[in-house]
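**Student:** I would like the atomic coordinates for the input below:
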Amino acid sequence: MATGLSFEESPRLRLFLKIFMVIFVLNFIGETADAIEQGDWSTIIGLIVILGVLGFIAVHAREQVQGLRQAYRTRFQQAGEKVGLKDAILFSLTWSREIYDSIPADRKPLVRTAFLMIAIGMGLLTIELGFTHLLTILIAGLLILAAINLLIWIVTEERGQMDILRFEVETARRMQLSLMPSGNPKLDGFDIAGMCMPANTVGGDHFDYARLGGTESLLGVAVVDVAGKGMDAAMTAVFTSGALANEVQHETDPATIMNRLNMTVFSRNNKKKFVSFLLGALNAANRTFTYVNAGQSRPLLYRDSRVEALVAPGPRFPLGVVPDTKYQSDSLELTPGDALLLFTDGLVEAMNKEGEPLGQERLQTLFQETIEEERDSEAVLRGLVRRVELFTGSAPQHDDLTAVVIKVL
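**Tutor:** Residues are numbered from 1 along each chain as shown. Sure thing, here's the model as predicted:
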């Protein structure tokens, strides 16, 4: 369990932050009024600089923070986990670097100089105004973080992008793995197992389980693939996972959940990271599988020694493409001996050294062979991966391999 600041802390933390903001605002207003009364223009200019910096941060950070805050809050509250200090620092520094990289090259020296001057000016102004001890410590902490970020920007520019790229991949991989379930879910009448094998270049694949509407007999199974690689894809996966956890708390219909998710992803999709999403609902009471497919690979159904691909009705756009898409669900009754395979496109697109993809037809054959040889879902997953690796041989894995196997008992 990571140690650090939890989103489930007692209300005292929020109360402290509110008190701090009140003290800061009152102090700021008081110092401004005194400076105006005394005609101290240097202090007035300094206060305006501070206000401008805070406004700049608020404008540029608000959209990122709002979405991430809700995603992280929902995700970690449901899992009962805590956000570690190391992860928070890693994300802070990576995000700062991305903002800096977006600045045109000819303006970067000016930005560095202005940033350093503002930091020094704020430090001197803090001493000059005689802020309270608590406020001085907090502002000093912000200045230290600013100095660290500035140093990282300069070093990474001078030494090249290789180190920061490794750093981003490592951070994105940690975030991706944090989304994966810690074990297989329990549901009467079903044997379920899932896995995700990340490629060398981190993508946005993940899978998840959730009790729909808090009902023990109704299990949601999600298989997700975010377009793109690296930090952007990982962050979109985190946000989407958090949004799903929020929606399933009070809703049981997969189509309704998907429609709401689509609007949420579209409204936050600044970088056009489309999300392929398959959501299925297993009902232990009547042994049915109800699913909605938003641009994901078609799930496979094994029944009576045959494998077929399930085609969902209605539109199949990935999430975040068309805001008013009305997704439709389809249901099928399951019987003992049936099996389902939910997967992302990394499985059918796995290539051998000649560049030939595995393909849908070959995957269906391998799935049937594995189901008929193995007993439980875990063994089916291992056997399927082993057969795919025999096909790919020495060829490198170019995409994440994500799959969930569901056997009906």
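**Student:** just the buried positions in stretch 276-285, please.
**Tutor:** 276-284 (16 or more other CB atoms under 10 Å). Bear in mind the C-beta positions are built from the backbone N, C-alpha and C, glycine included.
**Student:** correction: the previous question concerned stretch 322-338.
**Tutor:** 325, 327, 329-330, 334, 338.
**Student:** gap between the two ends of it?
**Tutor:** Length of stretch 322-338, first residue to last, CA to CA, to the nearest Å: 35 Å.
**Student:** run through who's touching that stretch.
**Tutor:** Stretch 322-338 has contacts (CB atoms under 8 Å, 6 or more residues apart in numbering) with 253-255, 258-259, 262-263, 266-267, 286-292, 294, 301-304, 310, 312-315, 317, 407-409.
**Student:** closest to Pro396 out of the buried residues of stretch 276-285?
**Tutor:** Ser276 (22.5 Å; CB to CB).
**Student:** rewinding a little: from the contacts of stretch 322-338, which would you call buried?
**Tutor:** For the contacts of stretch 322-338, buried by 16+ other CB under 10 Å: 254-255, 258-259, 262, 266, 287, 289-292, 294, 301-302, 310, 312, 407-408.
**Student:** out of these, which are inside strands?
**Tutor:** Those of the buried ones among the contacts of stretch 322-338 mapping onto strands are 289-292, 294, 301-302, 407-408, per DSSP state E.
**Student:** any idea which of the residues you listed is closest to Asp225?
**Tutor:** Ala294 (10.4 Å).
**Student:** ok, now which ones touch that closest one?
**Tutor:** By CB under 8 Å, 6+ apart, the neighbours of Ala294 are 258, 262, 275-279, 316-319, 325, 327.
**Student:** what about 10 Å?
**Tutor:** Residues in contact with Ala294 (CB atoms under 10 Å, 6 or more residues apart in numbering) are 224, 258-259, 261-262, 265, 274-279, 312, 314-321, 325, 327.
**Student:** sec struct for the residue nearest to Phe317 when sequence neighbours are not counted, please.
**Tutor:** Leaving aside its sequence neighbours, Phe317 sits nearest to Thr325 (CB to CB, 6 or more residues apart in numbering; 5.4 Å). The three-state label given to Thr325 by DSSP: H, G, I helix; E, B strand; the rest coil is coil.
**Student:** how much space is there between Thr325 and His206?
**Tutor:** Distance, Thr325 to His206, using CB to CB, to the nearest Å: 22 Å.
**Student:** repeat for Asp345
**Tutor:** 14 Å.
**Student:** tally of neighbours for Gly39?
**Tutor:** Burial of Gly39 is recorded as 8 neighbouring residues (other CB atoms under 10 Å).
**Student:** just Lys272 next, same as before
**Tutor:** Neighbour count of Lys272, defined by other CB under 10 Å: 10.
**Student:** distance of it relative to Leu341?
**Tutor:** Counting by CB to CB - Lys272 and Leu341 are separated by 30 Å.
**Student:** quick revisit: tabulate the buried residues of stretch 322-338 (a markdown table), appending distance to Phe239.
**Tutor:** Output for the buried residues of stretch 322-338, formatted as a markdown table (distance: CB to CB, whole Å):
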| residue | distance to Phe239 |
| --- | --- |
| Thr325 | 19 |
| Tyr327 | 19 |
| Ser329 | 23 |
| Asp330 | 27 |
| Leu334 | 32 |
| Asp338 | 34 |
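**Student:** dump those residues to JSON lines, plus distance to Gln364 and pLDDT.
**Tutor:** Shown next, in JSON lines, are those (distance: CB to CB, whole Å; pLDDT from 0 to 100):
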{"residue": "Thr325", "distance to Gln364": "28", "pLDDT": "92"}
{"residue": "Tyr327", "distance to Gln364": "25", "pLDDT": "96"}
{"residue": "Ser329", "distance to Gln364": "23", "pLDDT": "95"}
{"residue": "Asp330", "distance to Gln364": "19", "pLDDT": "96"}
{"residue": "Leu334", "distance to Gln364": "18", "pLDDT": "98"}
{"residue": "Asp338", "distance to Gln364": "15", "pLDDT": "97"}
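**Student:** ok, so of the residues you listed, who is nearest Met197?
**Tutor:** Asp338 (25.4 Å).
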